[in-house]
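Novice: this is a predicted model, with the sequence first.
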Amino acid sequence: MSRVIRAAVFQTAWTGDKESMIQVHEQAVRDAAAQGAQVLCFQELFYGPYFCQVQDPQFYEYAEQIPDGPIVQRFQALAREHGIVLVLPMYEEEQPGVLYNTAAVIDADGSYLGKYRKHHIPQVKGFWEKFYFRPGNAGWPVFETAVGKIGVYICYDRHFPEGWRALGLEGAEIVFNPSATSRGLSAYLWQLEQPAAAVANEYFVGAINRVGVEELGDNDFYGTSYFVDPEAQFVGEVASDKEPELVVRDLDMAKLRAVRDRWQFYRDRRPEAYGPLTAP
Ligand SMILES: NC(=O)NCCC(=O)O
């Protein structure tokens, strides 16, 4: 019998302050739940501006403890109320001065399932992330949620095929890729890399990018969030490149089984021959 997961991603623009940004995302949870979504992922660093356009210690104050900080707790209550799984990309303070670019995963009953910490940290013009984040050290968790097996791979991570594979090996059925990326830099990659990862690893990918130009720099975040299936087919339309949008799509898990039966990539891979990939 086929299993269909109604999944959602939300892209939006910086509102100008943290509290209203949180409220916009709370409304997105209500809207997604009203449309029957069972799981929802937000964009990278969802409640802030994309502050990595500048290198300024004032933005360290956006970090909070996961799961004990107020934002996780606020969204745990909302997940429980609406019976929806939430993926929350946030700025994490493990302890003062020890900071990560992280996503917390909340189950449909509001329980905290764990976190993914972005492994690959860019330091390119307008994306000065090494100033703010340590490289992730928490492995490749796949979360057994009420709706299915969910993995997370954050923005710049997506250029590195190894992590996509690790999430596949851990059993991911859907991998969310919350992002903040700009038109001039990466638009030519955006509809190429995640579909390729979905094909190579035989799972669904939900890709999310914020929209608009923010006051901290000239990055033009181009949205165009989408879901793509394990045959690299977009599930419905790709979202707007300028406007906030909630994307809700039905993902048929029978397709995942069909491509795995057809291709058997997990049988035919040759880990014993891949030593050069892990040589320092
Ligand atoms: N947020 C982030 O990692 N951006 C880097 C640029 C990119 O990889 O598209």
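Specialist: Received it, and whenever you're ready, just let me know what you need.

Novice: so what touches whichever helix or strand residue 166 is part of?
Specialist: Here residue 166, judged by DSSP states H and E, is contained in helix 161-169. Helix 161-169 is touched from outside by 119-120, 140, 142, 151, 153, 157-158, 175, 197, 200-203, 266, 277, with contacts defined as C-beta atoms under 8 Å, 6 or more residues apart in numbering. To be clear about C-beta, it is placed using only N, CA and C from the backbone, and glycine gets the same treatment.

Novice: for PyMOL, write a command that selects the buried ones of these.
Specialist: To isolate the buried members of the contacts of helix 161-169 in PyMOL, using 16 or more other C-beta atoms under 10 Å:
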select buried, resi 119+120+140+142+151+153+157+158+175+197+200+201+202+203
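
Novice: mind listing which of the contacts of helix 161-169 are in strands?
Specialist: Counting by DSSP state E, the contacts of helix 161-169 place 151, 175 in strands.

Novice: now, the contacts of helix 161-169 that are in helices?
Specialist: Among these, the members falling in helices (DSSP state H) are 197, 200, 201, 266, 277.

Novice: any idea how far the last one lies from residue 174?
Specialist: With distances taken as C-beta to C-beta, to the nearest Å, residue 277 is found 25 Å from residue 174.

Novice: closest to the ligand among the ones in helices among the contacts of helix 161-169?
Specialist: Ranked by distance to the ligand (C-beta to the nearest ligand atom), the ones in helices among the contacts of helix 161-169 are led by residue 197 at 13.5 Å.

Novice: is it true that the closest one touches residue 175?
Specialist: Yes: when contacts are counted by C-beta atoms under 8 Å, residue 197 is listed as touching residue 175 (7.5 Å).

Novice: identify the contacts common to those two.
Specialist: Taking C-beta under 8 Å, 6+ apart as the contact rule, residue 197 and residue 175 both touch 164, 205.

Novice: if we can go back for a sec, and of the ones in helices among the contacts of helix 161-169, the nearest to residue 222?
Specialist: The closest of the ones in helices among the contacts of helix 161-169 to residue 222 turns out to be residue 197 (C-beta to C-beta; 19.3 Å).
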